[in-house]
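Peer 1: predicted model and sequence below, questions to follow.
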Amino acid sequence: MYYTITTGSQSVSGANGFLALVLTNPANSRKIIRFELIRATSSVSSVISMYRNATLSVSGTSATPRNTNWGFADASVVTGTWVAQTGNPVTGGVLLQTIQQLGGPTEIHFDGK
């Protein structure tokens with residue numbers, strides 16, 4: 001099954017503004033998170049960084065994964081939390097990738113890799 005998750009449209013202010021989305025997969029879930037596509041848009045240049053095993057240093061807002069097959073329930077073991085703030089809310093983890101976005105829409109295709 002394929003799921004989608006979103007923060008919705010969010011305003012991030014200031015030169016040091018951050019929007020972070022953390023996905024949590026319980027250790028005993030026997031499930032694998034596989035990225036197909038990440039979409040982002042910005043009116044200014046920004047940086048998209050992807051981490052593994054990172055956490056948020058502040059509480060965030062829940063983001064519910066939605067099943068893209070409408071014939072099944074949205075019962076995912078993966079949970080999402082997002083936060084928009086000045087200053088980096090991400091702690092720990094391993095940096096996997098950083099992408100410079102020069103404003104406007106960006107699509108990062110992983111094709112499940």
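Peer 2: Looks like it came in fine.
Peer 1: where does this structure have low pLDDT?
Peer 2: Across the chain, the ranges flagged by pLDDT under 70 are 1, 112-113.
Peer 1: which residue is most remote from the mean position of it?
Peer 2: residue 71 (24.9 Å; CA atoms, centre = their mean).
Peer 1: what helix or strand is it on?
Peer 2: Element membership for residue 71, per DSSP states H and E: none, as it lies in no helix or strand.
Peer 1: that one: what's it in contact with?
Peer 2: Listed by CB atoms under 8 Å, 6 or more residues apart in numbering, the contact set of residue 71 is empty. In short, each C-beta sits where N, CA and C put it, glycine included.
Peer 1: separation between it and residue 3?
Peer 2: 14 Å (CB to CB, to the nearest Å).
Peer 1: please name the bridge partners of the most centrally placed residue in the chain.
Peer 2: Centroid check for the chain by CA atoms, centre = their mean gives residue 21 as the closest residue, at 3.6 Å. Beta-bridge partners for residue 21, by DSSP bridges, are residue 82.
Peer 1: quick check, it in contact with residue 7.
Peer 2: Yes. Contact status for residue 21 versus residue 7: in contact at 5.7 Å, counting by CB atoms under 8 Å.
Peer 1: which residues do those two both contact?
Peer 2: 63, 82.
Peer 1: the strands in the protein, which residues?
Peer 2: Taking DSSP state E as the criterion, the chain contains strands spanning 3-4, 17-24, 37-42, 46-52, 55-56, 61-63, 66-67, 79-86, 90-91, 94-101, 104-109.
Peer 1: so what's the residue count around residue 102?
Peer 2: Residue 102 has 9 neighbours, counted by other CB atoms under 10 Å.
Peer 1: quick one: it and residue 45 touch, right?
Peer 2: Yes. Residue 102 is in contact with residue 45 according to CB under 8 Å; the separation is 5.3 Å.
Peer 1: now residue 9: how far from residue 81?
Peer 2: 17 Å.
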